[in-house]
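Trainee: A predicted structure for the sequence below; I have some questions about it.
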Amino acid sequence: MAPTKTLNSLVDEKTLESSFVRDEDERPKVAYNKFSNEIPVISLIGIEDVNGMREEICKKIVEACEEWGIFQIIDHGVDMKLISEMTRFAKEFFDLPPQEKLRFDMSGGKKGGFIVSSHLQGETVKDWREIVTYFSYPIGKRDYSRWPNKPEGWIKVTKEYSEKLMNLACKLLEVLSEAMGLEKEALTKACVDMDQKVVVNYYPKCPQPDLTLGLKRHTDPGTITLLVQDQVGGLQATRDDGNTWITVQPIQGAFIVNLGDHGHYLSNGRFKNADHQAVVNSNCSRLSIATFQNPAPEAKVYPLMVREGEKPILKEPISFSEMYKRKMNKDIEISRLKKVAKEEKQLQNLDKDKLETKPIEEILA
Ligand SMILES: O=C(O)CCC(=O)C(=O)O
Ligand SMILES: [Fe+2]
């Protein structure tokens, strides 16, 4: 599929360009602003207080991971000013004219920058979003030439943001390690040298939001994701395989924490990998910033703790890069099979139409 350069010119169309139109079974089922309070909201005040609040807070986090694989945290210690600066710069970037954004075009496999929909190959329908991706950890591998230098000051703020979020993520991984009965550092150690990728998602207002998604249904591949969103709404989660969906209530300054596939495997399936998607709307644009904490590509993926009565959910240890490759191949295969089934159905309908328009004598002749 040819890359769509930017969404700027498509926003004011009356109808949605066909490359964004999803099959009916993938379209949104619940409104972007019909908020639910089912996802737990947890305050981290007192989390360092080993003889006080820590136990209670950890219990809530663990329960949320077991039930949903997704929860919101408030009082997390990351400066609100830093979050709002990061958000403001991001909005200003996406408001720039196409040629400015395309200076950082990451199509063709470049490590970071701007792109429409996603940089992944094999997608059959596009997501209604523009993104900027920063490969932010390991620090030694950063390529600042792929970090947008407009608006001025954004690079400095992103550096600080990525550092603060790395610390917060490690703190949460300590809680999960302890909950598994392991030493505090067990999960970060299992990541070897932790990778971090910051993805800024911009979802412009959409001419026909009911036909498309901002980001299709998925689980995050890594260990844990910290997501900040504006007040518009659009993040949805399901815990019954897509039958029912809830829209996560936006909370100013909160982080939404998602457990990813790596976290799921390491806990031997005890912690859920959150199944989620983003929907769009025709009233206004939306912004979210996802910070993915991933293991190093060579890190081994295998349960760190198999509890009594359980069997390991993986046959053998594999590397994270192999795990990721298998996930992508599976996604591509599912899309391909879906496409083939759709084409076959269209052909059958075509044959049926032909028969129906023929006079009966011709059909029987
Ligand atoms: O925009 C959102 O709310 C979801 C983003 C997300 O799931 C992702 O970037 O992986
Ligand atoms: Fe995600």
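Mentor: Thanks, I have the structure now. Ligands and ions are numbered 1, 2, ... in the order given.
Trainee: pull the distance from the helix or strand where residue 55 lies to the chain's centre.
Mentor: Using DSSP states H and E, residue 55 sits in helix 54-67. Remark: helix 54-67 is offset 22 Å from the chain centroid, using C-alpha atoms, centre = their mean, to the nearest Å.
Trainee: other SSEs contacting whichever helix or strand comes after it?
Mentor: Per DSSP H and E, the first helix or strand lying C-terminal to helix 54-67 is strand 70-74. Packing partners of strand 70-74 (3 or more C-beta pairs under 8 Å, 6 or more residues apart in numbering; DSSP states H and E): strand 41-43, helix 54-67, strand 255-259. Any C-beta I mention is one placed from the backbone N, CA and C, and that applies to glycine too.
Trainee: and the next helix-or-strand element following strand 70-74, is it in reach of ligand 1?
Mentor: As assigned by DSSP H and E, the chain's next helix or strand after strand 70-74 is helix 80-94. No. Remark: helix 80-94 sits outside contact range of ligand 1, by C-beta under 6 Å from any ligand atom, the gap being at least 12.1 Å.
Trainee: and the helix or strand just after helix 80-94, average pLDDT?
Mentor: Counting by DSSP H and E, the element after helix 80-94 in chain order, helix or strand, is helix 98-101. Averaging pLDDT along helix 98-101 yields 96.
Trainee: go on, stretch 329-348?
Mentor: Averaging pLDDT along stretch 329-348 yields 88.
Trainee: picking that back up, minimum distance to ligand 1: which of the helices and strands packed on strand 70-74 has it?
Mentor: Each of the helices and strands packed on strand 70-74 was scored for nearness to ligand 1 using C-beta to the nearest ligand atom, and the closest is strand 255-259 (7.0 Å).
Trainee: can you list the strands that that closest one pairs with?
Mentor: Using DSSP bridges, the strands paired with strand 255-259 are strand 70-74 (antiparallel), strand 224-229 (antiparallel).
Trainee: and the shortest one, which residues are buried?
Mentor: Yep, that's strand 70-74 we're talking about. Buried positions in strand 70-74, judged by neighbour count with 16 or more other C-beta atoms under 10 Å: 70-73.
Trainee: between helix 54-67 and that strand, find me the angle.
Mentor: Angle of strand 70-74 versus helix 54-67, following axes from the mean of the first three to the mean of the last three C-alpha atoms, to 10 degrees, is 150 degrees.
Trainee: same check, this time on the last one
Mentor: Interaxial angle of strand 224-229 relative to helix 54-67 (the same axes, to 10 degrees): 90 degrees.
Trainee: contacts for strand 224-229?
Mentor: Outside strand 224-229, the residues that touch it by C-beta atoms under 8 Å, 6 or more residues apart in numbering are 83, 86-87, 165, 168-169, 172-173, 235, 248, 250, 253-260, 263, 286-293.
Trainee: from the chain's centre, how far out does it sit?
Mentor: The mean C-alpha position of strand 224-229 is separated from the chain mean by 8 Å, C-alpha atoms, centre = their mean.
Trainee: just want the angle from that strand to helix 80-94.
Mentor: 70 degrees.
Trainee: what's the residue in the stretch 51-200 of the chain positioned nearest to ligand 1 sitting at in phi/psi?
Mentor: Going by C-beta to the nearest ligand atom, ligand 1 is nearest to residue 199 of the stretch 51-200 of the chain, at 5.2 Å. With angles defined as degrees, to the nearest 10, residue 199 shows backbone torsions of phi -120, psi 120.
Trainee: now swap in residue 287 and tell me
Mentor: Here is the backbone geometry of residue 287 (degrees, to the nearest 10): phi -130, psi 140.
Trainee: host element of residue 251?
Mentor: Applying DSSP H and E as the criterion places residue 251 outside every helix and strand.
Trainee: with adjacent residues omitted, what lies nearest to it?
Mentor: In this structure, residue 251 finds its nearest non-sequential neighbour in residue 72, 5.9 Å apart by C-beta to C-beta, 6 or more residues apart in numbering.
Trainee: what sits against that neighbour?
Mentor: Residue 72 sits next to 39-42, 248, 251, 254-257 when contact means C-beta under 8 Å, 6+ apart.
Trainee: 6 Å instead?
Mentor: The contact partners of residue 72, taken as C-beta atoms under 6 Å, 6 or more residues apart in numbering, are 41, 251, 254, 256.
Trainee: now these as TSV including neighbour count, distance to residue 222 and pLDDT?
Mentor: What follows is these, written out as TSV (neighbours: other C-beta atoms under 10 Å; distance: C-beta to C-beta, whole Å; pLDDT from 0 to 100):
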residue	neighbour count	distance to residue 222	pLDDT
41	15	23	98
251	16	23	98
254	22	20	98
256	24	15	98
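Trainee: dump the strands paired with strand 255-259 into TSV; add mean pLDDT as well.
Mentor: Shown next, in TSV, are these (pLDDT from 0 to 100):
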stretch	mean pLDDT
strand 70-74	98
strand 224-229	98
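Trainee: could those be laid out in JSON lines, adding distance to ligand 1?
Mentor: Output for those, formatted as JSON lines (distance: least, C-beta to the nearest ligand atom, whole Å):
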{"stretch": "strand 70-74", "distance to ligand 1": "10"}
{"stretch": "strand 224-229", "distance to ligand 1": "5"}
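Trainee: closest one to residue 99 among the ones you listed?
Mentor: strand 224-229 (28.2 Å; C-beta to C-beta).
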